[in-house]
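Student: model the structure of this input:
(chains A and B)
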Amino acid sequence: MSTYSTNEFKNGLKIMLDSDPCSIIENEFVKPGKGQAFNRVRIRNLKTGRVVERTFKSGDTVEGADVVDVEMQYLYSDGEFWYFMSPETYEQLGADKTAVGDSAKWLKEQALCLVTLWNGVPLSVEPPVHVVLKVADTDPGVRGDTSGGGGKPATLETGAVVRVPLFINVGDSLKVNTQTGEYIARAKE
Amino acid sequence: MPAPRNNGQARHEDRLGALRGRAALLTQVRAFFAGRGYLEVETPVLGRAGAADAQLAQFALRDPLYGCLYLQTSPEYAMKRLLASGSGSIFQVTKAFRQGEAGRFHNPEFTLVEWYGVGYDHRRLIEEACALIARLVPSLTSEARLMSFRQAFRDRLGIDPIDDPSKRLRECAHAHLPSTRALTLNDRDALLDLLMSHAVAPHFPTDSLTVIMDYPASQAALARINPEGLADRFEIYCGALELANGFHEEANRDEYAARFAAEARKRRARGLPAIAQDEQLLAALAEGDFPDCAGCALGFDRVLMLALDATHIDEVLAFPIGQT
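Tutor: Numbering: from 1, shown residues only, chains lettered A, B, ... in the order given. This next block holds a predicted model:
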């Protein structure tokens, strides 16, 4: 496995810390003119999502983490695993609940997701930013009200619940932002 | 005022604005020293000898005539040779080079303002340095605050950085700085550097200068050791940002040789490259005419950052190293 010196630290670099894969999100070089240099680093643990701060002596080395982001198509879930396929190699992988996490509620068959792999095993799954999903359940629509004011909850076909305008009906297709969890517009069929 | 046409245009405008600010401040620096009877000098940035300091990594170049040449990490040694030859008070604005230093407040090539006041002690020089910085950065409103190295650590961390055992300092570092719990801290000076840069200096006020003095003898560099066994060395901070470093200068040739040797030992122990010692400086000091003086090096780019309210050193350079 590769090792990195603090001199190579930059945002996005994937390193191992306390046996977990991590990503550097901020690297500050601190050096008294006549003294020891340090790298003060903010690091996201890619397993837990937690951000920690770590100080290294400049010149120290750390082990690199074999972490790659690949675009994969979501296939189906058997309840325990969510299966993805590489559109290039047709290789299939199962991601467990920990890896999929909150993204599960946005996953519709064939959606192209960003799957982060650590040593070839899915670590996390990011759905597309915008998805089009059908409304599975909501209170009946109010005809003529297109103001979008007020609103009501709607459960989508994948299980996500979003706030929608009053005129939305069961069966409507909606464009939704998965990062904010917000309704954007009604989508054409 | 017309809006910038595009990002590229805006970038050019920002760069030119920073360069105008730089030129204006340089004019002020020169006026300041001229008004105080200093002679402006120029010394080589390329030389056959390097700085002894084990904490500084120098760029070593190879020349077909002279072999190894070093880009200077500061003009200190050359200026001291001038002082020994009877120059009187001198100042210089020069480029300095340090390997491996890059970040928000570091660029491997940077500008130093360095000066030596003949007949000065470090206290008189502190006053002068603060007056210069105050002139260059009018937004620094209140008076500079002077504080001993010991007092700064006591106030913030409740430890004595001079007399407490290293074990106590290490426990303090690990207790105050969770980010360092995996760090091996065996070297006392590295421990003090860590505490100063991570736990003490970040609490200095950002709207005024803080001057730290009376450094532990192990961090004397080339400052005199006073009767209390502490170094007559000072650092000037604005917030956590280190702006200047100065000494009441040691004058004894053998003391220089001993400190150079100590740094050379540190280099060997750490597996760092040996540096050709500045024999010319030692010879100049041996003649015994080195005047009683105090000297100070000011990080000009950082002062310019404060004056222009910049957040990254790149903003005040024509072309930061990444864009060269």
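Student: CA only for contacts and neighbour counts going forward, please
Tutor: Noted.
Student: how about the residues of chain A that lie near chain B?
Tutor: Where chain A comes near chain B, counting by Cα under 8 Å from any Cα of the partner chain, the residues are A:7, A:28-36, A:38, A:52-57.
Student: filter the residues you listed down to the buried ones.
Tutor: The neighbour count (16 or more other Cα atoms under 10 Å in any protein chain shown) marks A:28-32, A:35-36, A:38, A:53-57 as buried among those.
Student: phi first, then psi, for residue B:296.
Tutor: When read as degrees, to the nearest 10, the backbone of residue B:296 gives phi -150, psi 140.
Student: now it: how far from residue B:66?
Tutor: Distance from residue B:296 to residue B:66, counting by Cα to Cα, to the nearest Å: 31 Å.
Student: between those two, which has more neighbouring residues?
Tutor: residue B:296 (26 against 10; other Cα atoms under 10 Å in any protein chain shown).
Student: show me the residues of chain A next to chain B that map onto strands.
Tutor: Mapping the residues of chain A next to chain B onto strands (DSSP state E) picks out A:28, A:29, A:30, A:38, A:52, A:53, A:54, A:55, A:56, A:57.
Student: ok, which pair from these is furthest apart?
Tutor: A:30 and A:52 (17.5 Å; Cα to Cα).
Student: residue B:257 falls within a helix, correct?
Tutor: Yes: assessed by DSSP: H, G, I helix; E, B strand; the rest coil, residue B:257 belongs to a helix.
Student: does it touch residue B:280 like I think?
Tutor: No: taking Cα atoms under 8 Å as the definition, residue B:257 is not a contact partner of residue B:280, at 11.8 Å.
Student: circling back to that earlier point, greatest separation within the buried ones among the residues of chain A next to chain B: which pair is it?
Tutor: A:35 and A:53 (21.4 Å).
Student: helix or strand: which one has residue B:298?
Tutor: In this structure, residue B:298 sits in strand B:293-299 according to DSSP states H and E.
Student: next SSE downstream of that strand?
Tutor: helix B:300-308.
Student: ok, so what distance separates residue B:209 from chain A?
Tutor: Counting by Cα to the nearest Cα, to the nearest Å, the separation of residue B:209 from chain A is 16 Å.
Student: check residue B:168 too.
Tutor: 19 Å.
Student: wait, a helix at that residue?
Tutor: Yes: assigned with three-state DSSP, residue B:168 falls within a helix.
Student: low pLDDT regions in the stretch 51-200 of chain B?
Tutor: Within the stretch 51-200 of chain B, no stretch has pLDDT under 70.
Student: all strands of it, in order?
Tutor: Ranges of strands within the stretch 51-200 of chain B are B:60-63, B:67-71, B:90-97, B:109-118, B:145-148, based on DSSP state E, counting those that start in this stretch.
Student: so the one residue sitting closest to the centre of chain B: helix, strand or coil?
Tutor: Closest to where the C-alpha atoms of chain B average out (Cα atoms, centre = their mean) is residue B:245, at 4.4 Å. Under the three-state scheme (three-state DSSP), residue B:245 adopts strand.
Student: so what's it up against?
Tutor: A:33, B:233, B:234, B:235, B:236, B:296, B:297, B:298 (Cα atoms under 8 Å, 6 or more residues apart in numbering or on different chains).
Student: beta partners for it?
Tutor: Applying DSSP bridges to residue B:245 yields these beta-bridge partners: residue B:235, residue B:297.
Student: quick one on the thing from earlier: which one of the buried ones among the residues of chain A next to chain B is nearest to chain B?
Tutor: Closest approach to chain B among these (Cα to the nearest Cα): residue A:54, at 4.1 Å.
Student: may I have the beta-bridge partners of that closest one?
Tutor: residue A:41.
Student: distance check, it against residue B:102.
Tutor: 18 Å.
Student: the helices in the stretch 1-150 of chain B, which residues?
Tutor: For the stretch 1-150 of chain B, applying DSSP state H, counting those that start in this stretch gives helices covering B:7-34, B:76-84, B:122-136, B:149-157.
Student: close to chain A, is the second one?
Tutor: No: applying Cα under 8 Å from any Cα, one finds helix B:76-84 out of contact with chain A, separated by at least 13.4 Å.
Student: what's that helix packed up against?
Tutor: With contacts defined as 3 or more Cα pairs under 8 Å, 6 or more residues apart in numbering or on different chains; DSSP states H and E, helix B:76-84 has these neighbours: helix B:279-286.
Student: likewise the first one?
Tutor: Packing partners of helix B:7-34 (3+ Cα pairs under 8 Å, 6+ apart): helix B:122-136, helix B:300-308.
Student: coming back round to it: and the pLDDT at the residue nearest to the centre of chain B?
Tutor: Looking at residue B:245, its pLDDT is 98.
Student: which one of the buried ones among the residues of chain A next to chain B is nearest to residue B:311?
Tutor: Nearest to residue B:311 among those is residue A:28, at 12.7 Å by Cα to Cα.
Student: the residue of the stretch 101-250 of chain B at minimum distance from chain A: what's it in contact with?
Tutor: Residue nearest to chain A within the stretch 101-250 of chain B (Cα to the nearest Cα): residue B:179, separated by 4.1 Å. Contacts were defined as Cα under 8 Å, 6+ apart; by that measure residue B:179 touches A:52, A:53, A:54, A:55.
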